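In: Provide a 3D model corresponding to the input given below.
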Amino acid sequence: MSQPTDAQPAPHVSIKPSGHDLPWPLLDAIASLTTAPLMRIAEELRTATLPFLASSSLVIFTEDCTGRPQKKAGAEDIVSRVSIPELDRLRAALEGEGPWRGPAVIGGQEREVLAFRYAPSNALLVLTDPAPAPANAAADTDSAALRMVNYFWRLAAARIQEKVSDAPPSYLLESRAASAERVRVTGELVDQHSTTLETVLAALRSNSLDDHAARTLVTDVTVKALVGLRTLNDRTSNLVEEPVATAFERLREDLRPLMHFSNIDIQFVEPPAKGRALPGEVAHAARAVVRGLVLAIAEQSNVHRVRTQWDCDGENLLINVRDDGGGELSPAAPTLERLLQRVQAVDGTMSVDIMQGWGADISVVLPLDPPPTPAGDVAEWGLAARELEVLQLLAAGQRNRTIATDLGISENTVKFHLRNLFRKLDVRSRTEAIALAHSAGLR
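Out: You can find the predicted model right below:
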């Protein structure tokens with residue numbers, strides 16, 4: 001593989017207007033990228049980069065976004081097969097921020113890739129089969145094209161970091177649905193393959209098999225496969241959950257600048273060190289809500305001390321924030337209304353007790369598990385009979401080939417029905433469609 005190179009600085013975009021003409025396509029791409037919702041960030045980034053560098057697919061890997069750490073656009077046969085271990089290995093080979101170019105296994109096979117890393121969040125960008133765009137085919141434009149791609153990537157990575165930190169209700173809802181679906185699918189895969197491999201391992205260890213050399217060899221392979229499977233399960237679990245002590249320490253770091261530049265003494269009451277891990281969207285919501293509360297409290301006069309406490313009863317994260325001000329905070333304030341929307345996005349509750357002359361006492365309860373949802377009426381989706389059959393098999397975890405076999409149709413027909421499903425359900429991915437189907441009781 002070629003050696004990683006030092007990160008290129010963000011380029012200076014030179015605008016040389018002819019008359020009153022400006023490079024509107026470039027400016028439009030920047031505007032679209034910096035305002036894109038997280039669900040479309042990969043598509044917008046690929047649209048921005050294609051005029052400078054062609055690629056078959058684009059993959060973003062960011063552990064900040066626990067609900068959906070992979071964001072992908074491009075060739076379906078690649079993006080549908082990309083795995084977290086593949087991206088982990090590629091990121092480990094990347095020294096500095098890149099760009100790094102060379103062969104790597106992505107989507108189950110070795111491909112030529114171009115990779116960048118964003119140091120502040122350790123996010124990774126991968127472009128498969130990179131090639132000069134027609135407008136930049138000359139060799140002397142290659143460096144400029146890479147600098148533009150890196151420039152767009154930095155904008156996208158910063159946008160992701162900003163949106164996750166802000167944790168708006170829309171992100172929390174989407175993250176919860178994606179996290180729940182990933183845990184379910186991973187659990188099923190682990191159970192299925194662990195049972196199979198453990199059975200094979202037991203058979204190969206049996207004394208009835210006299211080919212010792214073959215038995216030893218296959219046993220070793222099977223043990224390695226089991227370890228790899230368990231590692232994948234642990235890696236996925238780590239992406240969707242965060243230890244409560246780690247989440248609280250990140251909150252302390254978030255509030256450190258306020259403690260430094262204000263006269264307010266922020267006191268932290270630590271959660272139990274061995275408390276239950278927090279789902280990613282709950283950890284994001286908790287930090288965003290406490291940050292918002294502390295900032296709202298800091299705007300009052302005569303506040304000298306704020307006390308924030310987290311606790312966990314096994315089913316809920318319990319948050320309490322108190323101040324020693326004069327009780328000027330209003331429960332109807334726009335800031336508190338926005339924070340309440342975040343709390344409600346993860347099915348939580350928030351109560352505000354204002355004591356004139358004694359300050360505010362705010363309690364937030366965030367459930368660690370999504371509430372059970374009753375089976376919904378799917379008739380309102382307007383699905384045809386065949387579309388409903390496809391959705392039921394999709395919700396059961398079946399892939400396109402299996403769905404085609406079960407229904408006696410071609411894979412292309414399955415893809416046709418899926419496109420119609422996504423449009424009628426107003427979703428953009430299989431994961432969202434599955435999560436919506438499960439919420440309606442389809443399994």
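In: Not counting its own residues, what contacts the helix or strand that contains residue 34?
Out: Per DSSP states H and E: residue 34 is located in helix 24-35. Residues from elsewhere that reach helix 24-35 (CB atoms under 8 Å, 6 or more residues apart in numbering): 13, 41, 44-45, 47-48, 51, 152, 155-156, 159. Heads up, the C-betas are built off the backbone N, CA and C, glycines and all.
In: quick one, the helix or strand following that helix and helix 24-35 angle?
Out: Downstream of helix 24-35, the next assigned helix or strand under DSSP H and E is helix 41-49. Between helix 41-49 and helix 24-35, the angle comes out at 160 degrees (axes from the mean of the first three to the mean of the last three CA atoms, to 10 degrees).
In: Give me the helices and strands touching the following helix or strand past helix 41-49, please.
Out: Helices and strands here follow DSSP H and E; after helix 41-49, the next one along the chain is strand 53-54. In terms of contacts (3 or more CB pairs under 8 Å, 6 or more residues apart in numbering; DSSP states H and E), strand 53-54 is packed against strand 131-132, helix 142-166.
In: tell me what the helix or strand residue 354 falls within is packed against?
Out: Here residue 354 sits within strand 349-355, counting by DSSP H and E. Under the contact criterion of 3+ CB pairs under 8 Å, 6+ apart, strand 349-355 touches helix 334-345, strand 359-367.
In: And for the shortest one, what's in contact with it?
Out: Contacts to strand 359-367, defined as CB under 8 Å, 6+ apart, come from residues 282, 285-286, 289, 293, 297, 303, 315-327, 329, 343, 346-355.
In: that older thread, just checking: what are the partner strands of the strand holding residue 354?
Out: Here strand 349-355 is paired, per DSSP bridges, with strand 359-367 (antiparallel).
In: Now do the strand it pairs with and helix 334-345, the angle between them.
Out: If you take the same axes, to 10 degrees, strand 359-367 sits at 20 degrees to helix 334-345.
In: where does the nearest residue to residue 406 once chain neighbours are set aside sit relative to residue 81, distance-wise?
Out: Leaving aside its chain neighbours, residue 406 sits nearest to residue 393 (6.1 Å; criterion: CB to CB, 6 or more residues apart in numbering). Going from residue 393 to residue 81 by CB to CB, to the nearest Å gives 20 Å.
In: Those two - which one has more neighbours?
Out: A side-by-side neighbour count of residue 393 and residue 81, using other CB atoms under 10 Å, places residue 393 first with 19 against 12.
In: Could you list every helix and strand in contact with the helix or strand hosting that one?
Out: If you go by DSSP H and E, residue 393 is part of helix 385-395. Where contact means 3+ CB pairs under 8 Å, 6+ apart, helix 385-395 is packed against helix 400-407, helix 411-425, helix 430-439.
In: Same list, those helices, but as a markdown table with distance to residue 71 please.
Out: Putting the helices and strands packed on helix 385-395 into a markdown table (distance: least, CB to CB, whole Å) gives the following:
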| stretch | distance to residue 71 |
| --- | --- |
| helix 400-407 | 21 |
| helix 411-425 | 17 |
| helix 430-439 | 12 |
